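>>> take this sequence and fold it.
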Amino acid sequence: MKTWKERKSVITSESRAVKSDGIYEEDRAYNYLWELLNLGVYIPAFIGMRIFKDGFARYTYKKRNGNGVESRVIQTLYNMERSFGMPKGKLKARIIMAKESNFDTTLSAEQFFLDRNKPFRLMGLFEDLKVEGQKTVGGSSEFFNMPIIKAKAKFANAWRKTNLVKGLEIVKYKRENGIYGCPTPDLPNYEVDL
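Residues are numbered from 1 along each chain as shown. Predicted structure coming up:
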């Protein structure tokens, strides 16, 4: 398993993801943690919050053959700006951590993190504060407000072997019951043109 080598640059919806060294049709993916840096500047309800998103991305994003993590962050920022009625390119983010493995392992870590941190979720605010007529940003249940040290520790904890087993149980349950969010390598996911 590879761990993310942090790029120090800030990402916006107008950024371009670095090129991936993989291909779209493979059983490799990332579980990643990124921080939304400036939402409180535009929406006062978020002032003072440390907002993190824990997510899943294919290793390689189909559009432009980009790195999956950077591509998903860029796409999410774009969708968030639309949801909140903001001009493109205003929101800023930075990737904190990411780990690569196969789909089931990365999804297991992600699902464990999401399941164990419900008290820190910001989902309701994302739904309540969207512009009328716009959709809530996809993955709104994956945003959390917590100190950065706690976010990093919880991300690392989700990768413990015992917690990956618990996360895989959630993945299997969601797949068996047709619940969105736990794709397999042969199914398209998260592909939207910006």
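
>>> continuing past the helix or strand bottoming out on mean pLDDT in the chain, what's the next helix or strand?
Least confident helix or strand, the chain: strand 2-3 with a mean of 47, by mean pLDDT, DSSP states H and E. As assigned by DSSP states H and E, the chain's next helix or strand after strand 2-3 is strand 29-36.

>>> that next one pairs with which strands?
If you go by DSSP bridges, strand 29-36 pairs up with strand 51-58 (antiparallel), strand 93-101 (antiparallel).

>>> which ones are touching the residue nearest the centre of the chain?
By CA atoms, centre = their mean, the chain has its centre lying nearest to G55, at 2.8 Å. Residues near G55 by CB atoms under 8 Å, 6 or more residues apart in numbering: 31-34, 72, 76, 110, 139, 142. (Glycine included, C-beta is placed from N, CA and C.)

>>> distance of it relative to F144?
Taking CB to CB, to the nearest Å as the measure, G55 and F144 are separated by 11 Å.

>>> can you redo the strands paired with strand 29-36 as JSON lines with mean pLDDT?
Below are these laid out as JSON lines (pLDDT from 0 to 100):
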{"stretch": "strand 51-58", "mean pLDDT": "95"}
{"stretch": "strand 93-101", "mean pLDDT": "96"}
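
>>> among these, which is the most enclosed?
Of those, the one with the most neighbours on average (mean count of other CB atoms under 10 Å) is strand 51-58, at a mean of 25.

>>> backbone dihedrals for K135, please?
When read as degrees, to the nearest 10, the backbone of K135 gives phi -80, psi 150.

>>> where exactly do the helices run in this protein?
Listed in chain order, the helices of the chain (DSSP state H) span 39-42, 68-83, 103-116, 123-128, 148-158, 161-176.

>>> now the last one, how far from the centre of its chain.
In other words, helix 161-176. Chain-centre distance of helix 161-176: 18 Å, with CA atoms, centre = their mean, to the nearest Å.

>>> relative to helix 148-158, how tilted is that helix?
Angle, helix 161-176 to helix 148-158, by axes from the mean of the first three to the mean of the last three CA atoms, to 10 degrees: 80 degrees.

>>> with only the CA atoms kept, save helix 161-176 in PDB.
What follows is helix 161-176, C-alpha atoms only, in PDB (Å, rounded to 0.1, in the frame of the first residue of the first chain):
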ATOM      1  CA  LYS A 161      -6.600  -4.300  10.200                       C
ATOM      2  CA  THR A 162      -9.400  -4.900  12.700                       C
ATOM      3  CA  ASN A 163     -11.200  -1.700  11.500                       C
ATOM      4  CA  LEU A 164     -10.800  -2.700   7.800                       C
ATOM      5  CA  VAL A 165     -12.700  -5.900   8.700                       C
ATOM      6  CA  LYS A 166     -15.500  -3.900  10.200                       C
ATOM      7  CA  GLY A 167     -15.500  -1.500   7.300                       C
ATOM      8  CA  LEU A 168     -15.700  -4.300   4.800                       C
ATOM      9  CA  GLU A 169     -18.900  -5.600   6.600                       C
ATOM     10  CA  ILE A 170     -20.400  -2.100   5.900                       C
ATOM     11  CA  VAL A 171     -19.300  -2.300   2.300                       C
ATOM     12  CA  LYS A 172     -20.800  -5.700   1.700                       C
ATOM     13  CA  TYR A 173     -24.100  -4.700   3.400                       C
ATOM     14  CA  LYS A 174     -24.400  -1.600   1.200                       C
ATOM     15  CA  ARG A 175     -23.600  -3.600  -2.000                       C
ATOM     16  CA  GLU A 176     -26.100  -6.300  -1.100                       C
END
